[in-house]
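Trainee: fold the stuff below for me.
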Amino acid sequence: RVRQEEEANIALIETWEDIQAKKDEVIEASLKRTGEELEQKNAKKQKMEKDKESVKLKQCLEIIPDDGDNVTIDATPLSSKSPTIV
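Mentor: Numbers count the residues shown, from 1 in each chain. From the prediction side, this is the model:
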């Protein structure tokens, strides 16, 4: 009878250990999935912020139309001027 109780206890302990191992696996998989989801959310958030910044920068750009009113400046290099004596 004592031997039967010991065998029953051993079987119960083994079953308990199996359940604990499965529970740990489920928790670990859940945490891994949560971490991956957070990484995806962060990547998506960064992309959205980058897109918003890009749109804002494009709005800030001002395109100057070419209306044909060009200004030409004639410049003479300083080294080519002859010294003037006063």
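Trainee: residue 84 in helix, strand or coil?
Mentor: Put simply, residue 84 is coil when judged by DSSP: H, G, I helix; E, B strand; the rest coil.
Trainee: list the contacts for it?
Mentor: Residue 84 sits next to no residue when contact means CB atoms under 8 Å, 6 or more residues apart in numbering. For every residue, glycine as well, the C-beta is placed using N, CA and C.
Trainee: could you do residue 37 as well?
Mentor: No contacts exist for residue 37 under CB under 8 Å, 6+ apart.
Trainee: check what pLDDT it gets.
Mentor: The score at residue 37 is 88. That number is its pLDDT.
Trainee: again with residue 83
Mentor: 66.
Trainee: now do residue 17
Mentor: 94.
Trainee: and the host helix or strand of it, how far from the chain's centre?
Mentor: Applying DSSP states H and E as the criterion places residue 17 in helix 2-60. Distance, stretch centre to chain centre, for helix 2-60: 20 Å (CA atoms, centre = their mean, to the nearest Å).
Trainee: residue 35 versus residue 8, what's the distance?
Mentor: Residue 8 is 41 Å from residue 35, where distance means CB to CB, to the nearest Å.
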